[in-house]
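In: here you go, sequence then predicted model.
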Amino acid sequence: MTDIGQKERETQDRVINLFKEEMGYEYLGNRRHQDNKNIEEEYFKKFLKENGYSDAAINHAYTQLKKSASDTGRSLYDSNKDVYNLLRYGIRIQEAKGDQTQTVWPIDWKNVEKNHFYIAEEVAVNGGYQKIPDIVLYINGIAVAVLELKRSTVSVSEGIRQNLDNQKDQFIKGFFTTVQLVMAGNDTEGLRYGTTETPEKYYMKWKEDIDKENILDRYLYAMCRKDRLLEIIHDFIVFDGGVKKICRHNQYFGVKAAQKRILEGKGGIIWHTQGSGKSLTMIWLAKWIRENIENSRVLVITDREELDEQIERFFKGVNEDIYRAKSGRDLIDKINSPLPWAICSLIHKFRSADDMDYKDLIEEFARNSSADFNPQGKFYVFVDECHRSQSGDLHEAMSKHLPNAVFIGFTGTPILRDEKKNTVGIFGGFIHTYKYDEAVEDHVVLELQYEARSIEQSLTSDEKINLWFKAKTSGLNSTAKERLQRKWATMQKVLSSQSRLNRIVYDIMLDMETRPRLSSGKGNAMLVAGSIYEAAKYWELFQNSGLKKCAVISSYDYGISNIRGETVDDSEETDNQYKHDIYKKMLKGREQSAFEQDVKKKFIEEPGQMKLIIVVDKLLTGFDAPPATYLYIDKKMQDHGLFQAICRVNRLDGDDKEYGYIIDYKDLFNSVEQAVNDYTAGPLSGYEPQDTRGMIQDSIATKKRNLEDSLETVRRLCEPVNNQKDRSKDRSKFIDYFCGDVENPTDLQNNEEKRIELYKAVAKLIRSYAEIANDMEKAGYNHDESEKIKKEVEHFEDIRSEIRLASGDYIDLKAYEPAMRHLIDAYIDAKESKTISAFGDTTILDIVRKEGVDGINRLKKKLGTSSKAIDESVINNVRKIVVKNTPANPAFYRKISDQLEDIIQQYRKNEADYEEYLKRLVELAQKMGKNSQDSYPESIRSNAMRSLYDNLGKNEDLVVSLDKGIRQELLDGWRNNLIKRRRVENKVKDVLKRFGITDKNEVDRIMDIVRNQDDY
């Protein structure tokens, strides 16, 4: 059992021992005092020498690999991709001009034990600034993995952010050009992993049944033992459209299970739920088949243009090509030829884009097959969306022409109960499954919150309707009237009245102002209408209600042919005329497909500019369906259509998106209770219960659980402080615990992680409370319990505010509470509301600079906090800026620092009264914030020149010459490129020498100042 609060050093020692003793890595020691590289020449050349390469070949290979790894002028993605290709496919070299080209392999992918695996700790790397990763793993001297470790009480997130910082230009980006696996871990949360430039929200957990008690050791062993590490790097990395990706555990084990089945000559089904990356699974499996089965060929059958394009792009991303068949005849020709090895075919390419039916491909395939048809190679057929009923027909037709083919079905939705036996029988059983509840548990997708809203419709006057009907049908005979009455009765069932649509529009408009993410502009929504006519009506109503940032995307074809022969009465529009007129207003002369592409792009990338898309059938299923935060359903849906539609809102999308929301206006499940407790009844009745477990969550129950969990988290963080619930007591104990001695920068630094954890926990508490504050009674809280919780939330918000002030931490509530200000204002009393609106993104120092002593007094009154907390906040803000900016202007900021200490000491010795002390503090803060151009000569124009002027004895001529010389030599990325940096350094030396400054220490001092100027 791990000790509570175990130190990072103890964890690191144990982890190193795990790699040495159990995984057979060679220990390179603590490398804190070395200048480490991502390719250690000694070990790299040693490996190649042992494998029989000549000295000339080794030197050529080393030079080429080092060149790709050290090209800091390019993006990390591009450099890393080049290096990966050299590692994965070998380095092509010529020993001498005219010699035959040969391949040098930096890693032996086939013989694991021939490679040398090393582990090093405290690996100091020089870059813009020196950084020291905790652990680096090397294969044959090439750094392939980085691990940041944290003590058991510090979140793994801190290690992830450290890794992300290290990959930035100003730190050690160049070291990561060879790195494939980036990890962070501790003994309580275990391991999180990604690859280079993986955002924090996409770091993943590995899952595997391994007999090790310690959770961190378990998954380090799972991922980093020699054979597994090589396999992950070789077979499970892809570069896709500027993003490097690495496998999740479900993808790895899905491919491994499929490999085993294929070697047995059998097919089957891989069911990985929507959003879990089945397209990549497809790619990695195809590539393995290509490289491990002689004479193999892969045919991928998809039903979406975008997926067809993605398949092609992914293959090229792993250095393989794939041919996209243009027609049925073209597909036959390619199957009948030995190349290409990989083919993809789009089902609807053979008939209609709207008729997603396998029979198109089947008929075209049969029609173009001839007597001389002779497939070349061993075929493996991947069928996407294999849950479709026609997949059996496809299997039969393809089996007839490809009798030895192995079929692998892929699906992101469960297979219907009635089709399961047939589909499983056709493909040969399940190879691997990854169900919805597993993906939610792994944070691959989000939970869904379900809310049913009922809007009743009733006829207000049968008599008036009958009179209207009689007047309008006076010229019809009885048969015609009867037909029209039947149609009217049907329309009553199908169509919504305008008053009902208006009610829904007002509902959604209110959500836009009050719901998480919608009100902040970071989230978006889709409204599913029952018909194109209703979608058009919705758009018009939203426009009239003030929501202009919405659009309709449907299968409606805006063209003049749709309104030919539609003119009946100049005073009235037919449905087709109405739809055409609405589209005309919406498109405003733009071409329809370009308009829809622009709408989708804004909806995904700029949700504040396209808050709502109204759809009918399009964009609900398939690869091209965009993610959303809210899905409003006003259409009868069931089974696959409903499953895929609600998965539009379960995708990860920013740290502030915690759920996907389903708002059901058709009461599809009849009741919330039924949706939650028996989600395979009604619209999902075709599925087995275990296949959709965890699909729908009770909104109120989830909100209540979140509130209580977040309350418990904050209570736990504050538990070490005495009297934390007694608001009448002095709260300085909280400041002592979370800050230490606020006048000691080291104390503040040492307690920073505790404060950050508190800030985040309180922010989450406020969000959780704001979401449920309107429904406390529904959640089961009585009046007294509700008031108690409200006061506790207020209490913790006050504590957070005072700690921020005392520590000098920036008051930046947007970073912690996106989209929630209006809700907090509504549910927390006036004092807290004003606290939030008082600052926004400004800092206390900004307020002091603008308002002086009056600003400090205003803050005290507004926050109801002590003078000491405000004063300490001003002091610590000044200290922070001094520490941050001293490297850029040592003379100025050391002077500020001395003045600050003098002010504090005088007050402590009672040599200054409080008013004088406060006045001097304000003057110092304002001095730091001023544009000090007035105190410099006119020629000293920029911040960089002012800094040099302060630190070069106010020598105006020297500074002007130095600034001009530096700017002549500046090239992009000069700080991280040795050659570019030396050009600047040589120019600085030359100018200083002309002015009689040759002392090396003085030259180095000025060069350090130059390096720290943002202007350069």
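Out: In hand now; what should we look at?

In: quick one: Met398 and Phe427 touch, right?
Out: No - with contacts defined as CB atoms under 8 Å, Met398 does not count as touching Phe427, sitting 11.9 Å away. Where you see a C-beta, it was placed from the backbone N, CA and C, and this is true even at glycine.

In: looking at the two, which is more packed in?
Out: Using other CB atoms under 10 Å as the criterion, Met398 and Phe427 rank with Phe427 on top: 26 against 22.

In: excluding chain neighbours, what is closest to the more buried one?
Out: If you skip the residues right next to it in sequence, Phe427 has Gly409 as its closest partner in space, 4.4 Å away by CB to CB, 6 or more residues apart in numbering.

In: that's a helix at the one you found, yeah?
Out: No - assessed by DSSP: H, G, I helix; E, B strand; the rest coil, Gly409 does not belong to a helix; its assignment is strand.

In: tell me how many other residues surround it.
Out: A total of 28 residues lie near Gly409 under the criterion other CB under 10 Å.

In: please shift the residue numbers so they start at 749 in all later answers.
Out: Renumbered: residue one is now 749, and that last one reads Gly1157.

In: is it in contact with Lys1026, as I believe?
Out: No - under the contact definition of CB under 8 Å, Gly1157 does not touch Lys1026, with a separation of 10.7 Å.

In: where does the residue lying closest to Gly1528 once chain neighbours are set aside sit, in terms of helix or strand?
Out: Closest residue to Gly1528 apart from its sequence neighbours, by CB to CB, 6+ apart: Lys1452 at 7.2 Å. Taking DSSP states H and E as the definition, Lys1452 sits inside helix 1447-1466.

In: tilt between the longest helix seen in the chain and helix 1447-1466?
Out: With DSSP state H applied, the helix covering the greatest number of residues in the chain is identified as helix 1531-1555. Angular relation of helix 1531-1555 and helix 1447-1466 on a 0 to 180 degree scale: 50 degrees, by axes from the mean of the first three to the mean of the last three CA atoms, to 10 degrees.

In: packing partners for helix 1531-1555?
Out: Contacting helix 1531-1555 under the criterion 3 or more CB pairs under 8 Å, 6 or more residues apart in numbering; DSSP states H and E are the following elements: helix 1447-1466, helix 1480-1487, helix 1500-1520, helix 1578-1587, helix 1592-1611, helix 1615-1633.

In: list the buried residues in the first one.
Out: Going back to what we said before, that points to helix 1447-1466. By neighbour count with 16 or more other CB atoms under 10 Å, helix 1447-1466 contains the buried residues 1447-1448, 1450-1452, 1454-1455, 1458-1459, 1461-1462, 1465-1466.

In: now that helix against helix 1500-1520, angle please.
Out: If you take the same axes, to 10 degrees, helix 1447-1466 sits at 150 degrees to helix 1500-1520.

In: hmm, who's touching helix 1447-1466?
Out: If you take CB atoms under 8 Å, 6 or more residues apart in numbering as the criterion, helix 1447-1466 is touched by 1195, 1197-1199, 1406-1407, 1409, 1420, 1424, 1472, 1482, 1502, 1505-1506, 1509-1510, 1512-1513, 1515-1517, 1519-1520, 1523, 1526-1528, 1537, 1540-1541, 1544, 1547.

In: average pLDDT for that helix, rounded please.
Out: Model confidence over helix 1447-1466 averages 84 on the pLDDT scale.

In: do the same with stretch 1060-1070
Out: The average pLDDT for stretch 1060-1070 rounds to 68.

In: quote the end-to-end distance of that stretch.
Out: Here the two ends of stretch 1060-1070 are set 6 Å apart, with distance taken as CA to CA, to the nearest Å.

In: quick revisit: weakest of the helices and strands packed on helix 1531-1555 by average pLDDT?
Out: Among the helices and strands packed on helix 1531-1555, helix 1578-1587 carries the lowest mean pLDDT, a mean of 25.

In: low-confidence ranges, the stretch 1599-1748 of the chain, go.
Out: Using pLDDT under 70 as the threshold, the predicted model of the stretch 1599-1748 of the chain has low-confidence ranges 1599-1625, 1627-1628, 1631-1632, 1655-1663, 1674-1682, 1724.

In: thinking again about what came up before, who touches both of Met1146 and Phe1175?
Out: With CB under 8 Å, 6+ apart applied, the overlap between the contact sets of Met1146 and Phe1175 consists of Phe1155.

In: would you list every one of the helices in the stretch 1249-1398 of the chain?
Out: Using DSSP state H, counting those that start in this stretch, the helices assigned to the stretch 1249-1398 of the chain run over residues 1280-1293, 1323-1335, 1340-1353, 1387-1394.

In: where does this protein have its least confident helix or strand?
Out: helix 1578-1587 (a mean of 25; mean pLDDT, DSSP states H and E).

In: re earlier: how about the helix holding Lys1452 as PDB, C-alpha atoms only?
Out: Backbone C-alpha positions of helix 1447-1466 (Å, rounded to 0.1, in the frame of the first residue of the first chain) are rendered in PDB as follows:
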ATOM      1  CA  SER A1447     -29.900  15.000 -15.300                       C
ATOM      2  CA  ILE A1448     -31.000  15.900 -11.700                       C
ATOM      3  CA  ALA A1449     -29.400  12.800 -10.200                       C
ATOM      4  CA  THR A1450     -26.100  13.600 -12.000                       C
ATOM      5  CA  LYS A1451     -26.100  17.200 -11.000                       C
ATOM      6  CA  LYS A1452     -26.800  16.200  -7.400                       C
ATOM      7  CA  ARG A1453     -23.900  13.800  -7.400                       C
ATOM      8  CA  ASN A1454     -21.600  16.400  -8.900                       C
ATOM      9  CA  LEU A1455     -22.500  18.900  -6.300                       C
ATOM     10  CA  GLU A1456     -21.900  16.600  -3.400                       C
ATOM     11  CA  ASP A1457     -18.700  15.200  -4.900                       C
ATOM     12  CA  SER A1458     -17.300  18.700  -5.500                       C
ATOM     13  CA  LEU A1459     -18.400  19.800  -2.000                       C
ATOM     14  CA  GLU A1460     -16.600  16.900  -0.600                       C
ATOM     15  CA  THR A1461     -13.400  17.600  -2.600                       C
ATOM     16  CA  VAL A1462     -13.300  21.200  -1.300                       C
ATOM     17  CA  ARG A1463     -14.000  20.100   2.300                       C
ATOM     18  CA  ARG A1464     -11.100  17.600   2.000                       C
ATOM     19  CA  LEU A1465      -8.700  20.300   0.800                       C
ATOM     20  CA  CYS A1466      -9.700  22.600   3.600                       C
END
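
In: now do it against helix 1480-1487, angle only.
Out: Using the same axes, to 10 degrees, one finds that helix 1447-1466 and helix 1480-1487 are set 90 degrees apart in direction.
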